[in-house]
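> Requesting a structural model of the entry that follows:
(4 chains)
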Protein chains: 2
Amino acid sequence: MSAGRITIRDVATAAGVSRQTVSNALIHPERLKGPTLERVQAVIQELGYRPSSAAQSLRSQRTGAVGFELLAYGESNRNEVAYPFTVALGEMAIGHGCHLVTFSSAGAQSLTEGYADMVRAQVVDAFVIADTHPGDPRPDWLHQAGVPYAAFGRVWGRPDITSWADVDGAAGLADVTEHLLAAGYERIGYLGWPRGSSVGDDRRSGWEHTLLAYGRAPGPEAACEQDLRAATTAAYGLLDEVGRGGAIACASDLLAVGVERAARDRGWRPGTDIGITGVDDSGMAGMFDLTTLAQPLTAIADYLLGLVHKRLEGGPAPESGALFRPTLVPRASSRPGH
Amino acid sequence: MSAGRITIRDVATAAGVSRQTVSNALIHPERLKGPTLERVQAVIQELGYRPSSAAQSLRSQRTGAVGFELLAYGESNRNEVAYPFTVALGEMAIGHGCHLVTFSSAGAQSLTEGYADMVRAQVVDAFVIADTHPGDPRPDWLHQAGVPYAAFGRVWGRPDITSWADVDGAAGLADVTEHLLAAGYERIGYLGWPRGSSVGDDRRSGWEHTLLAYGRAPGPEAACEQDLRAATTAAYGLLDEVGRGGAIACASDLLAVGVERAARDRGWRPGTDIGITGVDDSGMAGMFDLTTLAQPLTAIADYLLGLVHKRLEGGPAPESGALFRPTLVPRASSRPGH
DNA sequence: CTGAAAGCGCTTACAG
DNA sequence: CTGAAAGCGCTTACAG
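Next up, the predicted model:
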């Protein structure tokens, strides 16, 4: 516990071997004979030795760190996914033997300046980026700079770039729709965003196709912005159309809260009189007891970190991007007769 | 842009000086004569040179990195503050010339294992910790291990430890109460948490003392858990007591949403018929157009980073912990006749 | 399977 | 005010 760092030299002396044998025990254990390995490992354990990451980085020209830009959102529903994803990245990093260096580009001249800085100062080997969007300059920049990276979110407009993972919104909404069908709700409507948003269109298609697959005409639907007032207003009309005993699948938890409000206003109880579902498993969904779809953030973080790790080892890019199915979180708002 | 890292050697050659002169230009610019300094700086700029942080760390035995543990919350209202705080830390880190290494202790044997690991591997010089609570083992451990740190949140039960910053909840609620008074609401009630939580008691005192200071008897109050249903139920009674034209200051945004619901249920319009305020400026407050108190996260992050930096330089501990006043964010829910 | 050499890119003393 | 030396703690070749 007292200071005076323990170095590889101390371990070597204590174990009666040379320094590189200790190094080998750590990095290439297969190069040592069983007994030697065990002895060295025992000493490492006993002394609580941990190689200095600075020395390792300098020598190996690898930092073992992955950079992740923290985006400053105005929209809070983003925070609700951003934080858990950051935590997931931190949790998975341990298993991949790397550290997470988070940074902000606020105040930077360009959107990629922060990235360039970390690369030049060699503080990270690679990046995970989130919230890719059409026109995002980061994938191109990283690609050209030859810096390994993986993205949470499709890399728009670049079908040649496959190092990404995303949530399968269509599959998620298919699960939601089947769940609502199985629960016995009659008409199943949809409240989404205006057409043209890829994420929104993707989610909506899951609802539509499932209904079609079950021989139902896709019920009533409405679209509004991601705003509580707008959602509440839109919900009034939809509620009339689906009627009591029906359900409304929403593109987001916020929209679902709007539907819940509108239902309450007319005295309909969520679950009992009207089924309501959201997407994201944000805090609001829990507070309002709303059925929702949880994003598989841990699996995605793990996959992404595995991807950059492979690229670092010189492995090939994956054949295609990866889609992860969200998990249905059933709550009272989709429980009939609750 | 092409590879082949630029080292201090390249800069030295190009500038016609020795390597340590380049180093001095970066670290001790006052040691160089004006013209030499300018020439070296010009070359650094031109070549885009950035010292390798690995080499710097190894030599100086300083990583220039600050560790920050990402706590995995179940409670989502925590996420809403945790993420912006993490972002604030990232933003402020630039100005302090350090990097933020975020990590998770999930799956660790003990609550301090993650910290011990990062210290032994020398990946960080210091830590910022958040969410300190009575019985928290981290301050003690860090203290004993001699690792500099600063806490967001008081260090409970250790008046001798002063490296912390916290939000001044009492001052915040005093501002809220004055705001409500100035807006002309008659009776000003309070919806808080059961007594005994230091944060809750602190906030409540701001409301009580302000009312007293204005010669008003502290109005009706109620307490409930941090739960929407409980808040809504508690709000019904409070609403009766304060009456139309009154206001209810709440200990959190969630409780405020409960009040808003209860008010809506009886047809009272927030702002017009009843004043409502929350605390935290979470996403919900924005969605429900609720007046709230924004935490001064950027100022706190900056202060905390400054603190660890000073400790690293061997400076003294501050005289006492620092309290930061939150900022009132006025919205429709406290605007009479809105 | 194990060990002596060289060096990653800096900075911290110390001479000049 | 500037420069030649030494070394931070490792790992990567390469001998033995």
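
> and residue A:310, that's in a strand?
No. Under DSSP: H, G, I helix; E, B strand; the rest coil, residue A:310 sits outside any strand and is assigned helix.

> What sits closest to it if chain neighbours are left out?
residue A:316 (7.9 Å; CB to CB, 6 or more residues apart in numbering or on different chains). (Glycine included, C-beta is placed from N, CA and C.)

> before we move on, what about residue A:277?
Closest to residue A:277 by CB to CB, 6+ apart is residue A:291, at 4.5 Å.

> Surely the one you found touches residue A:336?
No. Residue A:291 lies out of contact with residue A:336 (CB atoms under 8 Å); the separation is 11.7 Å.

> which residues are common contacts for these two?
residue A:275 (CB atoms under 8 Å, 6 or more residues apart in numbering or on different chains).

> what comes up buried for the helix ranked longest in chain A?
Looking across chain A with DSSP state H, the single longest helix is helix A:76-95. Using 16 or more other CB atoms under 10 Å in any protein chain shown as the test for burial, helix A:76-95 gives A:76-94.

> what angle do it and helix B:76-95 make?
Angle, helix A:76-95 to helix B:76-95, by axes from the mean of the first three to the mean of the last three CA atoms, to 10 degrees: 70 degrees.

> packing partners for helix A:76-95?
Other helices and strands packing on helix A:76-95, by 3 or more CB pairs under 8 Å, 6 or more residues apart in numbering or on different chains; DSSP states H and E, are strand A:65-69, strand A:99-103, strand A:126-130, helix A:297-312, helix B:76-95, strand B:99-103, helix B:283-287.

> State the number of residues packed around residue A:230.
Look at residue A:230: counted by other CB atoms under 10 Å in any protein chain shown, it has 15 neighbours.

> Same question for residue A:201.
So residue A:201, with other CB under 10 Å, has 16 neighbours.

> Counting neighbours, what do you get for residue A:27?
Residue A:27 has 12 nearby residues by other CB under 10 Å.

> of the helices and strands packed on helix A:76-95, which approaches residue A:217 most closely?
helix B:283-287 (32.9 Å; CB to CB).

> For the residue nearest to the spatial centre of chain A, give its distance to residue B:283.
Central residue of chain A (CA atoms, centre = their mean): residue A:297, 3.7 Å from the mean position. Residue A:297 sits 18 Å away from residue B:283, taking CB to CB, to the nearest Å as the criterion.

> so what pLDDT did the residue in the stretch 151-300 of chain A that chain B sits nearest to get?
Of all residues in the stretch 151-300 of chain A, the one sitting closest to chain B is residue A:283 (2.3 Å; CB to the nearest CB). In this prediction, residue A:283 carries a pLDDT score of 89.

> At the contact with chain B, which residues of the stretch 201-338 of chain A appear?
Within the stretch 201-338 of chain A, the positions near chain B by CB under 8 Å from any CB of the partner chain are A:227-228, A:254, A:257, A:261, A:264-265, A:282-284, A:286-288.

> Please spell out the PyMOL selection for the buried subset of those.
Burial among those is assessed by 16+ other CB under 10 Å; the matching PyMOL selection reads:
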select buried, chain A and resi 228+254+257+261+264+282+283+284+286+287+288
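
> Switch the residues of the stretch 201-338 of chain A next to chain B over to CSV; also include distance to residue B:35.
Shown next, in CSV, are those (distance: CB to CB, whole Å):
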residue, distance to residue B:35
A:227, 60
A:228, 63
A:254, 61
A:257, 65
A:261, 70
A:264, 75
A:265, 76
A:282, 59
A:283, 59
A:284, 62
A:286, 65
A:287, 65
A:288, 68
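
> Of the residues of the stretch 201-338 of chain A next to chain B, which ones also sit close to DNA strand D?
Counting by CB under 7 Å from any atom of the strand, the subset of these that neighbours DNA strand D is empty.
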